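Undergrad: Task: produce atomic coordinates for the following.
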Amino acid sequence: MSNGRVEGKVALVTGAARGQGAAEARLLVAEGAKVVLGDVLDDEGGTVAAELGDAAIYRHLDVTSEADWTSAVETAVGRFGGLHILVSNAGISPRPRSIVDTRPDQYRKVIEINQVGMFLGIHFAAPAIAESGGGSIVIISSVNGFVGAGGIAGYVSSKFAIRGLAKVAALELGRQGIRVNSVHPGPIDTPMVQPESWGGYDMRPALAATSPLGRIGTPDEVAELVCWLASDASAYCTGSEFVIDGGFLAGPFNALGTDA
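TA: Residues are numbered from 1 along each chain as shown. Next up is the predicted model:
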């Protein structure tokens, strides 16, 4: 049942065609927001927006494109009358390769989408949020914004970087009534870890086995945290990291002393 946590607010969510972004868009609409969904997966994104009805609209948004960002922000303001919330969720994680085996152009592609895309979102959305009276920017990082992992140098580099980006933005935008925080999910059951992204291999059981909770997270669980950060309930939170990882960062897990 809706509690109207973001009633009357307008949100822009990137990576909204599936996974965490779609779950965030659905929850924000359920809690009273109008939402612009952005993605490069146009068919899937359009389907989610249609499901959500008049409270949502889909726009093609390549987060590396300045023109696409301008269009998405203008859509929020023109269609719904303002912009109060940005959830920057879009990102990629190619299959693991060592640094030596990763071509520079492959590394740069990850940085452009995962890191520069986050910068562009703040750059283009912040003025509209300020003009609308302030609000909340939530950028999605990862537990790999705190710890490394072999084979994903671009992904880890980008996720570390946007932790710092959130803090700089929080310092610069706070007096304009804009809060900026980063969210750091652990393994979540999204296409990034599902078999279709790994040639049919299902890594989810192995990820669950290393979790203190014995499972991986769901997109809806991440959406709940994002909705709280988007709402006025988190009004004194800015420049901070919010971890949702099932205990991943608590330390190396083993079954000693458990029922496992």
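
Undergrad: who's in contact with residue 20?
TA: 89, 140, 185, 188, 190, 219, 222, 223 (CB atoms under 8 Å, 6 or more residues apart in numbering). The way it works is simple: take the backbone N, C-alpha and C, and place the C-beta from them, glycine included.

Undergrad: Residue 98 now?
TA: Here residue 98 is in contact with 150, 151 (CB under 8 Å, 6+ apart).

Undergrad: Could I get the pLDDT score of it?
TA: If you check residue 98, the pLDDT there is 96.

Undergrad: and it, which of the three is it?
TA: coil (DSSP: H, G, I helix; E, B strand; the rest coil).

Undergrad: Quickly note the distance from it to residue 28.
TA: Between residue 98 and residue 28 the distance, using CB to CB, to the nearest Å, works out to 39 Å.

Undergrad: contacts for stretch 38-51?
TA: 12-18, 21-22, 25-26, 37, 56-63, 68, 72, 90.

Undergrad: hmm, which of those residues are the buried ones?
TA: Neighbour counting by 16 or more other CB atoms under 10 Å classes 12-18, 21-22, 25-26, 37, 56-59, 61-63, 68, 72, 90 among those as buried.

Undergrad: for this structure, what spans make up the helices?
TA: 19-30, 42-52, 66-80, 104-111, 117-131, 153-173, 204-209, 219-230 (DSSP state H).

Undergrad: Just give me the least confident of the contacts of residue 20.
TA: Lowest-confidence member of the contacts of residue 20: residue 190, scoring 73 (pLDDT).

Undergrad: show me what contacts it?
TA: For residue 190, the contact set (CB under 8 Å, 6+ apart) comprises 18, 19, 20, 219.

Undergrad: Show me what counts as buried in the lowest-mean-pLDDT helix or strand in the chain.
TA: Ranked by mean pLDDT, DSSP states H and E, the weakest helix or strand in the chain is helix 204-209, scoring a mean of 74. By neighbour count on 16+ other CB under 10 Å, the buried set for helix 204-209 is 204, 207.

Undergrad: all numbers from here: first residue = 6
TA: Yes, from this point I'll number from 6; that puts the last item at helix 209-214.

Undergrad: Just give me how far it sits from the chain centre.
TA: Its chain's C-alpha centre and that of helix 209-214 lie 22 Å apart, by CA atoms, centre = their mean, to the nearest Å.

Undergrad: Make a ChimeraX selection of the buried ones in the contacts of residue 25.
TA: The buried residues among these can be selected in ChimeraX (16+ other CB under 10 Å) with this line:
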select :94,145,190,193,195,224,227,228
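
Undergrad: Spatially central residue in the protein, please.
TA: Closest residue to the average C-alpha location of the chain: residue 94 at 2.5 Å, with CA atoms, centre = their mean.
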